[in-house]
Every structure is written in C-alpha cells, then in structure tokens.
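S.K.: okay, predicted coordinates and the sequence, questions at the end:
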2 protein chains.
Amino acid sequence: MLTRAIVKQIQQLKHKRYRDEQGLFCVEGVKSIHEGLKSEIKLKHCFVTDESLIKSLKNAQGIIAEPISAADMKKMSHFSTPSAVLGIFEKPKPKPLPENEWIIALDDIQDPGNMGTLMRTLDWFGFKHVLCSLHTVDCYNEKVVQSSMGSFARMNCVYDNLSVALKRLNRPIVGADLNGVSIEHFEVETKGVLVLGNEGHGISDQIASILTQRITIPRAKGSEVESLNAAVSGALIAYTISSRLGFLR
Amino acid sequence: MLTRAIVKQIQQLKHKRYRDEQGLFCVEGVKSIHEGLKSEIKLKHCFVTDESLIKSLKNAQGIIAEPISAADMKKMSHFSTPSAVLGIFEKPKPKPLPENEWIIALDDIQDPGNMGTLMRTLDWFGFKHVLCSLHTVDCYNEKVVQSSMGSFARMNCVYDNLSVALKRLNRPIVGADLNGVSIEHFEVETKGVLVLGNEGHGISDQIASILTQRITIPRAKGSEVESLNAAVSGALIAYTISSRLGFLR
C-alpha cells in the first residue's frame, strides 16, 4: 500500500545521498521498468496510474504493481510530466572490471542526458563496463536512467578514483583529444581503456598525463566547429573499436 | 535602451509563432553570441549583465552591447539559469539546397537537444544543408540554438513538405533503418540525401516508401538495445559518408 512514508522515501530518491543511503533508485516509464524486470536488478515497489498495465508488469520476483491516483504519481515522480508507471529498484553492487576487455572511463561527465545516451550507445556496441570518476554524474540519476532507454539495467558502472583505478587496470589508456591519431587510422588493441572527458574541459590534466595514446575524430576540411558533444564522440570511438575488433553483426 | 516593449518582445521570442512573425530569434551565452557575430546573420540587440564583456562583443555591424541588471536578464532569459549575454538576431533567409552535395533530411526530429547536437555534428563533418519536415522542431528554438554550440549560425535549415521536397531533389535517398546495409559496407555516392527519422517512430511510412536505400548501424552480437539516439545515429552515418568521400582532414 502507498503510505506517506513510501511517498516521502520516493521523493528523497531524487537526491544521490538518499539513493546511496537507501541502496535504491527510481525508474519511470513502461519501457524502462520492463528492461529493469528483464535484468538481474531487484524490484522493490511498483506503482501505476493505469491498471491495464499491471498484468504486463508482473515479474518473477512476485512484486505486483499497485494502482494509485494521478495526484499521488505527480507527488512522487521526478519529472514534470509523470509517466504511468514508477518502480523502485535496488541498486546492484558494481561488478569487478574484467581483465581482458575494453572498458570505457568517464572523466567527470556531468550532463545526465549525455551519460544516459552513452550507456545506451556503449551497450549497443557491446561494451558492458564503465569506470566513472568520482565527479561523474550518478548513473542512477533519474535523467540518466531515462535517457539510457533501459541500458541502465545492463551496464556495470563502477565509481572510483579515476587515476588510481586506471593505473591498476594495466592496459593501454586511450584518450579522445583534438590532436591525436585519427580514428580512421587507429590500430585497436584487443583490450584497453577509452577515456572520455568532461563536456566543457575535456580530459583532466592528471588523467591526460597517464594516457598511452591520443585519438581524434577528424573534422571536415574547413569546418569551424570546436568540439563534438561528449556522447557523440563516445559513440564514434566506441563504433570504431567495436568494428575493428569484429564485434558487430 | 531596454524598454518594456523590448522585454516583452524578447519574452515572446520563446514561441515559434512570434519568431516567425518578427523574423527574429534569441541567442544566449558568450560563445553562441560570438559565433553569431562571426557569421552572416544580423544582430539587432545585445544585453549583458557583465560590463567587462562589452568590448569583446563589439561587431562590425555597430551594435554595442548594453549593460542591464541581473533581474532584467532573468525576466527576458529563456532559461532558468540565465547567462551573462543575450542577443537578438535576425533569422536568415533559408538558402536554396545545392545541386551536387549531400543533404541531411530530418523527418520529424522533435527533441531540441537532438536537433542542436545534430547541427553541431553535421557542421563538424562538413554538411551545411538540412532539409527539415514541417513537424521538425524549429531550428531557432532556444534549446536547439544552445546545444548547437554556435553551429546555428553556420547551418542552412530549410523547412518544407519533406516528401515533395525529397522527390524534387532527384538524387539517392538513403534512410537509417534497422534492416538495411551495414554502414561498414555502405557504398557512398557523391551526392545524396540522408534521412534521419523521428526519435520514437523512426522514418514515417510516406518517406520510407521513397527511400532508394536503407542503411543500418550494426549492433554488437548479443546486444539487447533496440535503437540508438537520433543524434548518435546521425553522427555515425554522417561520419561514414564524410570519411568515404575523403572530406576529413
């Protein structure tokens, strides 16, 4: 039953501090909830304003979606236009980063839309692990979850001191930069880390000093554009790596 | 001088109807205004809350930025966090689409962030002309201008009945689709139109029926992602075309 305590708890989940404290996060929208249910993450509560959705939301974990009023949904939703479903999931424990794969490292990505779009795109190209600097936007932020279009449920995001963690990974560290080797000529190793920098400042000096290679997305002759959007750069390089390694179907 | 009439006029420019009526649009942020000043488009008014910016904003057209209070800027700004500069530019007349180039067609792109990011990315890869369906978001929407990061000032956006205009262009019409030729094997002609579909529904049936080729961004084996973000797809295909045609430096 929707109690006042649950309403308050869900409202609090808008803030990272409470998500961390409670080990929970909020997912809104039918598609995103379905992706959550298909994955390993655990559903705790589910509320709907449209009872016809209840049947499709039944999951193996036995949680049954509860019908509530639009006014209650409005109170709890983290968006100005609430959707018909809101679910609370348990934050999964981050998994150890694999030994022999490519990992994507985010050096202070700030925009939730970029982070969500990156998760969706990396998932598309077969990358499963994201190493995030401690100042990267939280992967359970409601806008990240929303723009990941379900990929939040499949990606493994590990937050750590980026420079320490990168050194520990002991593999080529490739950074996207304006003065590197063109991705058209980038020789992709079988494992490595791709570092994507902050939207405004790029890769921080500390991380730049430990890069083993710099790569660049070439620009058209005569183009006056200064930089690409972070999610777009990430997509172009992820595609390049995945394509060269024969991961694509 | 900042009069009440100007304040009202600028507030109205948040709406497409008034931008069309007045032939004006609003640009906020130092970088965007600078890009506007470097281009052919004409500045009408410029207001700053930081007087030290006035010198750098002087342009050949003789408009001098006027200092105003933060409260007045707040009243006029189209964003919840106003920047230190706001400029009003004249909407340029759309130019005819060229005979012998690639053109990007947008079939009802709705999200301003996607539209702006597309403009920035297309500009990066050397595309200058965008043919927009009549239901595509307005290229002078404040969020489009903002996320284009200055490319609003260089791109030629033409709004038209898409199917009629596409037939008139008389060149290959390539559409991004889930079941086409992989972009890894896409043989790029010297001119053509690339159609990018709506965020939710993809390319409309009417436009799909006149495509001459369908291309697909390949997904990693085993990936469960259903689709890519529209700006990301556009970027990957634009890169492919530009790279195959030798446009990149």
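M.R.: Thanks, I have it.
S.K.: close to chain B, is the longest strand seen in chain A?
M.R.: Ranked by residue count and defined by DSSP state E, the top strand of chain A is strand A:173-182. Yes - using CB under 8 Å from any CB of the partner chain, strand A:173-182 comes into contact with chain B via residue A:182. Heads up, the C-betas are built off the backbone N, CA and C, glycines and all.
S.K.: I'd like to know which elements that strand is packed against.
M.R.: On a contact count with 3 or more CB pairs under 8 Å, 6 or more residues apart in numbering or on different chains; DSSP states H and E, strand A:173-182 meets strand A:192-197, helix A:205-208, strand A:213-216, helix A:230-244.
S.K.: where in chain A is pLDDT low?
M.R.: Within chain A, the stretches with pLDDT under 70 are A:59-60.
S.K.: residues from chain A in reach of chain B?
M.R.: A:38, A:113, A:117, A:120-121, A:123-126, A:147, A:149-151, A:154, A:182, A:184, A:217-229, A:231-232, A:235-236, A:239, A:242-243, A:247-249.
S.K.: which of these are buried?
M.R.: Listed as buried from the residues of chain A next to chain B are A:113, A:117, A:120-121, A:123-126, A:147, A:149-151, A:154, A:217-220, A:223, A:225, A:227-229, A:231-232, A:235-236, A:239, A:242-243, A:247-248; burial here means 16 or more other CB atoms under 10 Å in any protein chain shown.
S.K.: spatially nearest residue to the spatially most distant residue from the centre of chain A, not counting backbone neighbours?
M.R.: Most distant from the centre of chain A: residue A:222, at 34.2 Å, with distances by CA atoms, centre = their mean. With sequence-adjacent residues excluded and distances taken as CB to CB, 6 or more residues apart in numbering or on different chains, residue A:222 is closest to residue B:126, at 7.1 Å.
S.K.: residues touching that neighbour, list them.
M.R.: Contact analysis of residue B:126 by CB atoms under 8 Å, 6 or more residues apart in numbering or on different chains lists A:219, A:220, A:221, A:222, A:223, B:242, B:247, B:248.
S.K.: and for residue A:219?
M.R.: Counted by CB under 8 Å, 6+ apart, residue A:219 has contacts A:225, B:124, B:125, B:126, B:248, B:249.
S.K.: you'd agree the last one is up against residue A:184?
M.R.: No - because the distance of 10.6 Å does not satisfy CB atoms under 8 Å, residue B:249 is recorded as not touching residue A:184.
S.K.: what's downstream of the helix or strand where residue A:20 lies, the next helix or strand?
M.R.: Assigned by DSSP states H and E, residue A:20 falls within helix A:16-22. Where DSSP H and E defines the elements, the next helix or strand beyond helix A:16-22 is strand A:24-28.
S.K.: and that next one, what does it pack against?
M.R.: By 3+ CB pairs under 8 Å, 6+ apart, strand A:24-28 packs against strand A:85-90, helix A:142-147.
S.K.: relative to the first one, what are the paired strands and their orientations?
M.R.: What it means is strand A:85-90. Looking at strand A:85-90 with DSSP bridges, its partner strands are strand A:24-28 (antiparallel), strand A:43-48 (antiparallel).
S.K.: for it, buried residues please.
M.R.: Quick answer for strand A:85-90 (16+ other CB under 10 Å): A:85, A:86, A:87, A:88, A:89.
S.K.: for that strand, the distance to its chain's centre please.
M.R.: 17 Å (CA atoms, centre = their mean, to the nearest Å).
S.K.: try the last one
M.R.: Taking the mean C-alpha point of helix A:142-147 and that of its whole chain, the gap between them comes to 8 Å (CA atoms, centre = their mean).
S.K.: so which of the contacts of residue A:219 comes closest to residue B:63?
M.R.: residue A:225 (25.0 Å; CB to CB).
S.K.: list the contacts of the closest one.
M.R.: A:219, B:120, B:123, B:124, B:149, B:150, B:151.
S.K.: try residue A:88
M.R.: Residue A:88 neighbours (CB under 8 Å, 6+ apart): A:10, A:13, A:24, A:25, A:26, A:27, A:43, A:44, A:45, A:46.
S.K.: residue A:164: which element?
M.R.: Short version: residue A:164 belongs to helix A:162-169, going by DSSP H and E.
S.K.: my guess is residue A:26 contacts residue A:15. True?
M.R.: No - when contacts are counted by CB under 8 Å, residue A:26 is not listed as touching residue A:15 (10.9 Å).
S.K.: which of the two has more neighbours?
M.R.: residue A:26 (23 against 12; other CB atoms under 10 Å in any protein chain shown).
S.K.: how close does the residue lying closest to that one once chain neighbours are set aside sit to residue A:77?
M.R.: Nearest residue to residue A:26 in three dimensions, chain neighbours excluded: residue A:13, at 4.6 Å (CB to CB, 6+ apart). Using CB to CB, to the nearest Å, residue A:13 is found at 11 Å from residue A:77.
S.K.: what's the neighbour count on residue A:164?
M.R.: Neighbours of residue A:164 (other CB under 10 Å): 8.
S.K.: so the residue nearest to residue A:26 makes contact with residue A:23?
M.R.: No - using CB under 8 Å as the test, residue A:13 is too far from residue A:23 to be in contact (10.5 Å).
S.K.: higher neighbour count, these two?
M.R.: residue A:13 (19 against 12).
S.K.: for residue A:199, what are its contacts?
M.R.: Contacts of residue A:199 (CB under 8 Å, 6+ apart): A:109, A:110, A:111, A:114, A:229, A:230.
S.K.: where's the first one, which helix or strand?
M.R.: Just to be clear, that refers to residue A:109. Applying DSSP H and E, one finds residue A:109 in no helix or strand.
S.K.: run a quick neighbour tally on it.
M.R.: Neighbour tally, residue A:109, other CB under 10 Å: 24.
S.K.: outline the domain layout of chain A.
M.R.: A:4-90, A:102-244 (automatic domain parsing).
S.K.: quote the end-to-end distance of the first one.
M.R.: Spelled out, that is domain A:4-90. Using CA to CA, to the nearest Å, the end-to-end distance of domain A:4-90 comes to 20 Å.
S.K.: and the last one, by the same measure?
M.R.: Domain A:102-244 has an end-to-end distance of 12 Å (CA to CA).
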